[in-house]
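Student: Got a predicted structure here, sequence first:
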Amino acid sequence: MIKLDLHKKLYGADGLIQLQVKTDIQKNELVTLYGPSGAGKTSIIRMIAGLMKPDLGSILVNEETWFDSQQKIHLRTQERPIGMVFQEYSLFPNMTVFGNLKFALPRDASEDIIEEMLDTIGLQNLRDKKTNWLSGGQKQRVGLARALVRKPSILLLDEPLSSLDTNMRVKLQDDILNFHKKYGLTTILVSHDFHEVQKMSDRVLLIENGKIESEGKVGEVFKETWK
């Protein structure tokens, strides 16, 4: 279980936002953060990842403290068992697909997991290609494989499919759902796409102005939209 109690001053295009988010995410849930740009969604997953430090609050994961402002605990990103995929591909363009995955592999881990990922996500035929020659969909598949090669317990996805065409989006949505189930992940997705949210989410947190305005099953959160 992930227990979040996050407080952070954020400065965006529309000025100051006081982010205040308190919620629990159950193990093996796929939870989507949905809401307008600048609401604080990306900041929430960056805080979970250790890339942004909350001003106050705490992050507990399976009863382990990742952050606590009172106890002055703040685990580094490398100490948190997470995988991350962003909208930007963030790959090393002059490395091969295999090289990108190997770079993400923990030092003491076997390279067998790389072969498993290449097979599972259908990248074996691209293993020796440099990523600057790949299509957008191929790059994002490499990004997903790179996130999973560390065998994370939590997968963080920041609008990873927003720049792809519809057919590739649907394919990668299916891939993410399959990996979420196969590897027993707890997955947190940031998305602006209502149909994506509807298809993928166990639960939705509607974020507006740094606060949770509504949370629950998709049908509960969007019941007014469907009337």
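Tutor: Received it, and whenever you're ready, just let me know what you need.
Student: Just the pLDDT at E224, thanks.
Tutor: As predicted, E224 sits at a pLDDT of 56.
Student: ok, now E79?
Tutor: So, for E79, pLDDT stands at 92.
Student: for I45, same thing?
Tutor: pLDDT, I45: 95.
Student: what about the nearest residue in space to it that is not next to it in sequence, neighbour count?
Tutor: Spatial nearest neighbour of I45, excluding adjacent residues (Cβ to Cβ, 6 or more residues apart in numbering): L156 at 4.7 Å. Just so you know, the C-beta spots here come from the backbone N, C-alpha and C atoms, and that holds for glycine as well. Applying other Cβ atoms under 10 Å, we find 25 residues neighbouring L156.
Student: for this structure, where's the lowest mean pLDDT among helices and strands?
Tutor: helix 223-226 (a mean of 58; mean pLDDT, DSSP states H and E).
Student: now what about the helix or strand where the residue nearest to I45 lies, what contacts it?
Tutor: Using DSSP states H and E, L156 sits in strand 154-158. Outside strand 154-158, the residues within contact range by Cβ atoms under 8 Å, 6 or more residues apart in numbering are 2, 42, 45, 48-49, 61, 80-87, 147-148, 176, 179-180, 185-190.
Student: hang on, the earlier thing: relative to L30, how far out is the residue nearest to I45?
Tutor: 12 Å (Cβ to Cβ, to the nearest Å).
Student: Give me the buried stretch members for the strand or helix carrying Q198, please.
Tutor: Using DSSP H and E, Q198 falls within helix 194-200. For helix 194-200, the buried set under the neighbour-count rule, 16 or more other Cβ atoms under 10 Å, comprises 196-197, 200.
Student: pLDDT of stretch 204-212, averaged?
Tutor: In the prediction, stretch 204-212 has an average pLDDT of 94.
Student: And stretch 157-177, by the same measure?
Tutor: pLDDT averaged over stretch 157-177 gives 86.
Student: hmm, back to that, starting at the chain centroid, how far to the strand holding L156?
Tutor: Relative to its parent chain, strand 154-158 has a centroid offset of 1 Å by Cα atoms, centre = their mean, to the nearest Å.
Student: which other helices and strands contact whatever helix or strand comes next after it?
Tutor: Of the helices and strands lying after strand 154-158 in sequence (DSSP H and E), the nearest is helix 166-182. Packing partners of helix 166-182 (3 or more Cβ pairs under 8 Å, 6 or more residues apart in numbering; DSSP states H and E): helix 136-148, strand 154-158, strand 186-191, helix 194-200.
Student: Can you pull up the most central residue in the protein?
Tutor: The centre of the chain sits closest to L156, judged by Cα atoms, centre = their mean, with a distance of 1.6 Å.
Student: This completes my enquiry, with thanks.
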